[in-house]
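J.: Predicted model and sequence below, questions to follow.
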Amino acid sequence: MATKRGAPDSNNDSRDSYLRRKRHKPNAFQPKDPENHGKNSYKKAHTVNDLKKTVRNISRLLERELPANIRVEKERALQTAQHDLAMAGKAKKRSEMIGKYHKIRFFERQKAERRLKKARKGIKEATADGKGREEMEGLRKRVEECEVDVNYAMYAPLEWEYVSLFPRRKKEGEEDGDQDKGEGVERQGNGDMWKRVKRCMEEGTLGDLREGRLEGGGEDEVKELMRSVKKVRKDKKKDSRAEGQKAVMEEKDEDESGDESGGGFFE
């Protein structure tokens, strides 16, 4: 006689189903997409290299024989990719320039603000003392120039090379903070850009100048300003190189004269 099948254990069934559910339950702390793991998980969507690759691939595709509708579609895609590439390159250069000249802009703005405060104080004192008209005009002109200096440090185009207003060589034993406290340094900088800042103050377009939108200037003026910036930077590098060579020659002459004077002691 066959034995009867035992009745199912409800406790065992419930336990097995619980383990199955637990085993297949997704981990709340694990990302849904496992491909995002690793050092490239936070890679940007559209990098400059990706855009260059897209432009190159579409350009190669357009060299082939394509139907008219597909060619039009790919040409539009190429224009979009080229525009995105230009914008990405501009943003990258802007970010590099901001990081490179942030510190010098900050210190020069502080220095220009101190000069402006001193010039305004001079006008108040001259007014109280009843100074002459010519002297008051000179003081007002000084205040206007200091205002332009402040705006030069703040609103010079961020994506361009910044030409220092108050360059000063660091002396031995002088720290970075001490270098920027002096207010007797003659103003230099880029003269064309300084005039452009002054005109933008009158037109109320300093924000456009800072962001690289030189409204009303025209493409020729923008190119001329960029050429002047590069020329000033080049001249400064040439001067610093000449000063360095001069210092090396002077040190060499001193060493040679010292050898000639002290050589007889050991003979």
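T.: All right, it came through fine. Residues are numbered from 1 along each chain as shown.

J.: Could you list the low-pLDDT ranges of this structure?
T.: Along the chain, the parts satisfying pLDDT under 70 run over 1-46, 169-186, 214-267.

J.: Where do the helices of it begin and end?
T.: Using DSSP state H, the helices of the chain run over 10-24, 48-62, 68-129, 133-155, 176-179, 191-203, 206-210, 218-262.

J.: got the contact list for the second one?
T.: It refers to helix 48-62. Contact with helix 48-62 is made by Arg71, Lys74, Glu75, Ala77, Leu78, Ala81, Gln82, Asp84, Leu85, Ala88, Gly89, Lys92, as judged by C-beta atoms under 8 Å, 6 or more residues apart in numbering. For the C-beta atoms, the positions are set from N, CA and C on the backbone; glycine is no exception.

J.: now the angle from that helix to helix 68-129?
T.: Between helix 48-62 and helix 68-129, the angle formed by their directions is 140 degrees, by axes from the mean of the first three to the mean of the last three C-alpha atoms, to 10 degrees.

J.: list the buried ones in helix 48-62?
T.: Asp50, Leu51, Thr54, Val55, Ile58 (16 or more other C-beta atoms under 10 Å).

J.: which one is the fourth one nearest to, not counting chain neighbours?
T.: Nearest in space to Val55, with sequence neighbours left out and distances taken as C-beta to C-beta, 6 or more residues apart in numbering, is Ala81 at 4.9 Å.

J.: What is the burial count for the one you found?
T.: 21 (other C-beta atoms under 10 Å).

J.: gap between it and Ala126?
T.: For Ala81, the distance to Ala126 equals 62 Å [C-beta to C-beta, to the nearest Å].

J.: same question, Asn69
T.: From Asn69 to Ala126 the distance is 76 Å (C-beta to C-beta).

J.: out of these two, which sits in the busier spot?
T.: Ala126 (16 against 8).

J.: My read is that that one contacts Gly138, right?
T.: No. Contact criterion C-beta atoms under 8 Å: Ala126 and Gly138 do not qualify, at 9.4 Å.

J.: List of residues touching stretch 76-92?
T.: His46, Thr47, Val48, Leu51, Lys52, Thr54, Val55, Ile58, Ser59, Leu62, Glu159.

J.: Could you rerun that using 6 Å?
T.: Val48, Leu51, Thr54, Val55, Ile58 (C-beta atoms under 6 Å, 6 or more residues apart in numbering).

J.: How about stretch 126-141?
T.: Outside stretch 126-141, the residues that touch it by C-beta under 6 Å, 6+ apart are Gly122, Ile123.

J.: How about exporting it as PDB, limited to the C-alpha atoms?
T.: Presented in PDB, the C-alpha positions along stretch 126-141 are these (Å, rounded to 0.1, in the frame of the first residue of the first chain):
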ATOM      1  CA  ALA A 126      40.200 120.500  -1.000                       C
ATOM      2  CA  THR A 127      36.500 121.600  -0.900                       C
ATOM      3  CA  ALA A 128      36.700 122.200   2.800                       C
ATOM      4  CA  ASP A 129      39.900 124.200   2.300                       C
ATOM      5  CA  GLY A 130      38.400 126.200  -0.600                       C
ATOM      6  CA  LYS A 131      41.000 125.200  -3.200                       C
ATOM      7  CA  GLY A 132      41.100 126.800  -6.600                       C
ATOM      8  CA  ARG A 133      39.100 125.700  -9.700                       C
ATOM      9  CA  GLU A 134      42.100 124.300 -11.500                       C
ATOM     10  CA  GLU A 135      43.100 122.200  -8.600                       C
ATOM     11  CA  MET A 136      39.600 120.900  -8.100                       C
ATOM     12  CA  GLU A 137      39.400 119.900 -11.800                       C
ATOM     13  CA  GLY A 138      42.600 118.000 -11.400                       C
ATOM     14  CA  LEU A 139      41.300 116.100  -8.400                       C
ATOM     15  CA  ARG A 140      38.000 115.200 -10.200                       C
ATOM     16  CA  LYS A 141      40.000 113.900 -13.100                       C
END
